[in-house]
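Engineer: Here is my input; please provide its structure:
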Amino acid sequence: MSDSSFDLTKFQDLIAVDGAPRAAAYPADWVLENQMGPNALWLVDELTAAMDLRPGMRVLDLGCGRALTSVFLAREYGVHVTAADLWIDPSENWERIRAAGVEDSVVPLRVDAHDLKFAEEYFDAVVCVDAYEYFGTDHWFLRSLLRFVRPGGQIGVVTPGTTQELDGRTPEHLAPWWDWEYNGWHTPQWWRRLWESSGKVDVDRADLLPDGAANWLAWEEAVLAADPERGSADVAAMLRADAGRTLGFARIVARKPETEAAGDGGERISLWKSPVAEPGVLAERLTLPQYPRSAAYDPAWVMANVMGPHPLWLMEWLTGAMRLEPGMRVLDLGCGTALTSVFLAREFGVHVTAADLWIAPGDNWRRVQEAGTGAGTATPLSVEAHELPFADGYFDAVVSVDAYHYFGTDVRYLPTLARCVRPGGQIAMAAPGTRVDLDAEPVPEHLSPWAADADFWTFRTAQWWRRTWERSGVVTVETADALEDGWREWLLWNRTCAEFAAPEWTSGPAQEDPIVADTGRLLTLTRVVASRD
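Structural biologist: Residues are numbered from 1 along each chain as shown. Below is the predicted model:
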């Protein structure tokens, strides 16, 4: 418990140091309540003083702890921060982020440093404060981390360090308090050699923070005085015994060399070859009056990146029953090649998390950059639908086009997803479906080839989805319907792809197509929109 007799004003004075002037402006009680070791704001202040951070940059705060450093980065530099940590619940960090007023600039995620889910070359900078020593001593780690930094981007680390290499030998005067994890503490020169040996960075700075040991001890003693349960008497005793002989903080800043970015040769990235058609033929055939927004997109681009029914038609139909406003946070779950994410960002000015398991986020990032997002943004991530790394209540809406049926038929799934949506936010999906419940009716012979595939049994009626979602107890269903003549649009798209592009996913010659044989009797496209209770 905090000592009620302790003067927080005095504590505020105690934690002000010359090397970290920005950090001194933050409330002492907030820093004390959320500290997890050395003063993270001091450290990030002195680290970023040696970096080149500018407003609008995308910054990964790796091992952000309780997100104090993420708040600092957003406030002090106007950057967009991904607050990534494995041990601290992103929902807890989201509350701190919102309370600090930087919810538009900081995204909390649960992230394992050895299993990063981001797009290649997505970040302008990576910052790591009092965490890198836990995973970064591996010779291969820096090379894997650099994949996510753009050419010319920076990596900055500040970590407990030593004035001389210990080589596994614990100094006698530190032995009573030494813990095995302290073997990750090294000199700035050791870190420089490790990083330079990768051949992938130019090290700009590798030094010990001035007065690092003295400031560390002053912090530990101040915390113990203010709240003994939050402090560490052992660490304070170790630092007193050391008196600056061995311990301090190592600061390392490096830059990824400016090299040609992947895909800069002018070629667009796609799953399939661009369709072969005379100018205007695709647009004439695929421009439908009910989809005016979709008509603005190059049909050849859509066809070269498609993975099923026309994704923009489905998204335009789906969002027609939603309430999307500029600046909202939207999860595009199972986004595939991110065409729908681009559409959402451009058409509604929302900030989209483009989440997919099968399509590499680096490929999606290149597609996003090629197309542009207007006033919105799109951030690609590799995400498994059953292991969502997001904070509770983070999103204003979740959308899923031609994907939800692959993971959402489990009646227990919707509550898992709904926790990531704020109360009153919307969850919406559009997917292939049926007009008749095939659990109760025999499968017609003309659909038997599809029925042999387990995926076919994820096609459900709109009424089935309504019942399933309402039974969850977490949403109120607002819309559950089938697209009038949806099968005709589906067939038009399939036939056009077969004629001009013939990608692998098409179901074969038109006469063998189950959609042709069905003629709208059973197959359709379904839409469900609900609000979170």
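Engineer: I figured Val411 was touching Arg471, is that so?
Structural biologist: Yes: counting by CB atoms under 8 Å, Val411 does reach Arg471; the two are 6.5 Å apart. The C-beta positions use only the backbone N, C-alpha and C, and glycine is treated the same way.
Engineer: Point to the residue nearest the middle of the chain.
Structural biologist: Among the residues of the chain, the one closest to the centroid is Leu381, at 5.1 Å (CA atoms, centre = their mean).
Engineer: measure that residue to Ala226 for me?
Structural biologist: Per CB to CB, to the nearest Å, Leu381 is found 39 Å from Ala226.
Engineer: which residues of the stretch 401-533 of the chain fall in helices?
Structural biologist: Assigned by DSSP state H, counting those that start in this stretch, the stretch 401-533 of the chain shows helices spanning 404-407, 413-418, 448-451, 462-471, 486-500, 514-518.
Engineer: For Ala250, find the nearest of those helices.
Structural biologist: helix 413-418 (41.1 Å; CB to CB).
Engineer: which helices and strands does the closest one pack with?
Structural biologist: strand 421-434 (3 or more CB pairs under 8 Å, 6 or more residues apart in numbering; DSSP states H and E).
Engineer: Go through the strand it packs on and flag the buried ones.
Structural biologist: Judged by neighbour count using 16 or more other CB atoms under 10 Å, the buried positions of strand 421-434 are Val421, Gly425, Gln426, Ile427, Ala428, Met429, Ala430, Ala431, Pro432, Gly433, Thr434.
Engineer: just those now: which is nearest Ala233?
Structural biologist: Using CB to CB, those come closest to Ala233 at Val421, 43.8 Å.
Engineer: What ranges does this structure have for its strands?
Structural biologist: 58-62, 80-85, 106-110, 123-129, 149-162, 202-208, 247-255, 329-333, 351-356, 377-382, 395-401, 421-434, 475-482, 523-532 (DSSP state E).
Engineer: Can you pick out the most distant pair from the buried residues of strand 421-434?
Structural biologist: Gly425 and Thr434 (28.5 Å).
Engineer: Low-confidence regions, the protein specifically.
Structural biologist: 1-8, 10, 14-15, 260-266, 502-512 (pLDDT under 70).
Engineer: Not counting residues beside it along the chain, what's closest to Leu53?
Structural biologist: Distances taken as CB to CB, 6 or more residues apart in numbering place Tyr77 nearest to Leu53, at 4.3 Å, with adjacent residues excluded.
Engineer: Can you give me the neighbour number for the one you found?
Structural biologist: 19 (other CB atoms under 10 Å).
Engineer: Mind listing what's buried along stretch 386-397?
Structural biologist: Leu388, Pro389, Phe390, Ala391, Gly393, Tyr394, Phe395, Asp396, Ala397.
Engineer: Likewise for stretch 437-453?
Structural biologist: Going by 16+ other CB under 10 Å, stretch 437-453 has these buried residues: Leu438, Val443, Leu447, Trp450, Ala451.
Engineer: Would you mind putting those into TSV with distance to Val253 alongside?
Structural biologist: Listed next are the buried residues of stretch 437-453 as TSV, based on distance: CB to CB, whole Å:
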residue	distance to Val253
Leu438	61
Val443	63
Leu447	61
Trp450	57
Ala451	60
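Engineer: ok, the closest residue in space to Arg22 that isn't next to it in sequence to Val31 distance?
Structural biologist: Of all residues not flanking Arg22 in the chain, Asp45 sits nearest, at 4.9 Å (CB to CB, 6+ apart). Separation of Asp45 from Val31 (CB to CB) stands at 12 Å.
Engineer: repeat for Cys335
Structural biologist: With CB to CB as the criterion, Cys335 and Val31 are 38 Å apart.
Engineer: Those two - which one has more neighbours?
Structural biologist: More neighbours surround Cys335 than the other of Cys335 and Val31, with 29 against 20 (other CB under 10 Å).
Engineer: you'd agree the more buried one is up against Ser341?
Structural biologist: Yes: in this structure Cys335 lies within contact range of Ser341 using CB under 8 Å: 5.0 Å.
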